[in-house]
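Participant: whatever this is, show me its structure:
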Amino acid sequence: MSTVTIDFLAQQLELADQLLAGRPTMLEPQDLPGRYGRVVQAIDRLLATMHCPAALGGGWAVWRHGYVGRVTQDMDIVLPADRIDEFLRVAAVAGFDVLPVSPGIWPKLLHRDTSIQVDILPEGERPGTRTHPAPTVIPHPQQLGAAPGKLQYVSLPALVELKLAAGRARDESDIIELLRANPGEHDALRRHIAGVHPAYVAALAALIDRSTEQDQK
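Facilitator: Numbering: from 1, shown residues only. A predicted model of the protein is given here:
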């Protein structure tokens, strides 16, 4: 179990202050401050060399799309299934360590300069848990809003889709905060989710109701 130190807490508070002050202009992953920005630059170099698309999801995408209280420790990037082995090979000689993982666990990297972990979300893999797997798989990053050669944020509709697929309590909480931050996007999100899977339609409707209830309190 990792120990939370005073230095660590101070760094997180400083990061939170930087993100809050800079959010109006931090529109792309490349705008992230400090060591997170350095990781994005390192990933961009790999993507440019490979001419490969990748989308940044997870907590950073949640922050970008309006949940300003969300600060995360790692980075989750979606990669095309047929480029992951190549990405890992190139990363291993370009400032990253490929971390050992158990069978069935998705690949993970550690950026040597910053000690930030990068979790790979492989296209075609099924999110969810062992007891409750998602009815859908992770889309190609270009379906999530990515383009070759540069890390880009997952779009809001795609982010909500991925969060519904993950199905954890934390993901539901993230969706509620995203809905509260983007009230004008509810209809667009409904339309997008209706085209993904019927199981997600009722789940999103329930979360919209919960977000509305919270705003009325």
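Participant: grab the most central residue of the chain for me.
Facilitator: Geometric centre of the chain, nearest residue: Gly57, 1.7 Å, by C-alpha atoms, centre = their mean.
Participant: contacts only, for that residue.
Facilitator: Going by C-beta atoms under 8 Å, 6 or more residues apart in numbering, Gly57 touches 76-78, 121, 144, 154, 159, 162. For every residue, glycine as well, the C-beta is placed using N, CA and C.
Participant: ok, longest helix in the chain?
Facilitator: Using DSSP state H to define each element, the chain has its longest helix at helix 198-216.
Participant: quick one: buried residues of that helix?
Facilitator: 200, 203-204, 207-208, 210-211 (16 or more other C-beta atoms under 10 Å).
Participant: can you give the contact residues for that helix?
Facilitator: Residues outside helix 198-216 that contact it (C-beta under 8 Å, 6+ apart): 135-136, 160-161, 164-165, 172, 175-177, 179-180, 183, 186, 189-190, 193-194.
Participant: if any of the residues you listed are buried, put those into a ChimeraX selection.
Facilitator: Provided next is the ChimeraX selection string for whichever of those are buried by 16+ other C-beta under 10 Å:
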select :135,136,160,161,164,165,172,175,176,177,179,180,189,193
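Participant: quick one: the strands in this structure?
Facilitator: 55-56, 75-79, 96-98, 108-111, 116-122, 152-153 (DSSP state E).
Participant: elements contacting the last one?
Facilitator: Here strand 152-153 is seen to pack against strand 55-56, helix 58-64 when contacts are counted using 3 or more C-beta pairs under 8 Å, 6 or more residues apart in numbering; DSSP states H and E.
Participant: just give me how far that strand sits from the chain centre.
Facilitator: Computed by C-alpha atoms, centre = their mean, to the nearest Å, the chain-centroid distance of strand 152-153 equals 9 Å.
Participant: that one pairs with which strands, and in what direction?
Facilitator: Within its sheet, strand 152-153 is paired with strand 55-56 (parallel), according to DSSP bridges.
Participant: distance between the partner strand and the chain's centre?
Facilitator: From the chain centre to the centre of strand 55-56 is a distance of 6 Å (C-alpha atoms, centre = their mean).
Participant: quick one: mean pLDDT for that strand?
Facilitator: Mean pLDDT, strand 55-56: 98.
Participant: can you check stretch 45-52 too?
Facilitator: Averaged across stretch 45-52, pLDDT comes to 97.
Participant: buried ones in it?
Facilitator: Buried positions in stretch 45-52, judged by neighbour count with 16+ other C-beta under 10 Å: 46-47, 50, 52.
Participant: so which of these is the closest to Gly66?
Facilitator: Leu47 (25.7 Å; C-beta to C-beta).
Participant: residues in contact with the closest one?
Facilitator: Leu47 touches 53-54, 148-151, counting by C-beta under 8 Å, 6+ apart.
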